[in-house]
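Q: quick one, structure for this:
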Amino acid sequence: TRIDFGDSKIDFGGSVEVKDRICNTTIRRYCESSPRRGESYMIDERTKAIGSMFFILLCYILSYGILNALLSGYHADACFVQMLSGSFLLYMIWKREKKKQINFFEESRFLPFPQSWKPLGWAVLLGIGLNCFVGGFINLLPLSDSMVSSYMEASSAPVRGVAPAMAFVIISIIAPFIEECLFRGVILRRMRKSMDDLAAIALTSTVFGLLHGQIIWIMYAIILGMVLGLVYVLYDSIYPAIVLHMSFNLVSGIPMILNQQGLVYRFTYGNPFFLFLMMAGGFTGVAVILYRIYFKSFMQKTTTAGR
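A: Numbers count the residues shown, from 1 in each chain. Predicted coordinates:
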């Protein structure tokens, strides 16, 4: 880890927790010693982080467009092309950070592994509850027929012509893994170094949502991105965020695949009473789980600080 103050550079070794603590202390002391220089340093770092985020997204979009054009003759589906472009971009980021002697897996919080399986279990329940709440809430909104038809078309397009088993794997496992590595493991991680956690989560979630394109997907993705970012920060690990995203997509993926096969799920999304129950149950579950996660994390940090 290296801090560059313009006229001097400081290198640190050791574990990622030690490096973060030393770096934050050094930066704080530097900023306190000279508020004007400290403010200038933080503005520069924030500008670099935002610029890096948009550069990564531009590379992602360009790689998707190029691969889509190259594979157009092979009738490759959109999810498969997104998987390839995301994997290629993550490989390039890993290679670049390796040259800078940055441990990608430690910085992205792949390491260390979780010491308990409880966070992953909470993440599964949170993903299912969040999907029920968001799905019920959005489907109860007075959306126009054109918006609904656009959403149905966008939902079926990525898996059209794909075997149900492959579509299930791509939607519920591969896509969430790649998106979390990119948005939480890389982009949010870099944004947190130059701004407040909540600001970094809000900005990353908004961009994450806008990248989905379709208006209803954007609403889904922004809310999901906020919760994913919060879980990533609270647990200081990428695994709960990946599992949460997978469980969220799992609940959405099964109806999409069934609908692709011609089975219309009118009972769920055509019944306002069921939608209300789904939204209420999902909201209650999300509220309880988030309270338990946040309250426990807050109490642990308070206890540690007291010692």
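Q: so what's C132 closest to, chain neighbours aside?
A: G282 (3.1 Å; Cβ to Cβ, 6 or more residues apart in numbering). Any C-beta I mention is one placed from the backbone N, CA and C, and that applies to glycine too.
Q: tell me the contacts of that neighbour?
A: Applying Cβ atoms under 8 Å, 6 or more residues apart in numbering to G282 gives the contacts G129, L130, N131, C132, F133, V134, G135, G136.
Q: same check on M83?
A: I170, I174, A175, I178 are the contacts of M83 under Cβ under 8 Å, 6+ apart.
Q: and the closest residue to W217 other than its chain neighbours, which of the three is it?
A: Nearest residue to W217 in three dimensions, chain neighbours excluded: A154, at 6.5 Å (Cβ to Cβ, 6+ apart). Assigned with DSSP: H, G, I helix; E, B strand; the rest coil, A154 falls in the helix class.
Q: from T284, how far off is the nearest residue to F113 once chain neighbours are set aside?
A: Nearest residue to F113 in three dimensions, chain neighbours excluded: Y239, at 7.6 Å (Cβ to Cβ, 6+ apart). Counting by Cβ to Cβ, to the nearest Å, the gap from Y239 to T284 is 25 Å.
Q: please say which of those two ends up with more neighbours.
A: More neighbours surround Y239 than the other of Y239 and T284, with 19 against 13 (other Cβ atoms under 10 Å).
Q: so that one sits against P114, correct?
A: Yes - between Y239 and P114 there is a contact at 5.6 Å, judged by Cβ atoms under 8 Å.
Q: what touches both of these two?
A: L120.
Q: so who does L277 touch?
A: Going by Cβ under 8 Å, 6+ apart, the list of residues near L277 reads G136.
Q: give me the three-state assignment for it.
A: Applying three-state DSSP: L277 is helix.
Q: what's the answer for M195, then?
A: Per three-state DSSP, M195 ends up coil.
Q: count the neighbours of the residue nearest to W217 for me.
A: A154 sits with 16 neighbouring residues when counted by other Cβ under 10 Å.
Q: my guess is it meets I215, correct?
A: No - using Cβ under 8 Å, A154 makes no contact with I215, being 9.4 Å away.
Q: where do the contact lists of these two overlap?
A: Common neighbours of A154 and I215 (Cβ under 8 Å, 6+ apart) do not exist.
Q: helices or strands up against the helix or strand hosting Y220?
A: Assigned by DSSP states H and E, Y220 falls within helix 215-235. Judged by 3 or more Cβ pairs under 8 Å, 6 or more residues apart in numbering; DSSP states H and E, the packing partners of helix 215-235 are helix 118-140, helix 145-156, helix 197-210, helix 239-260, helix 272-306.
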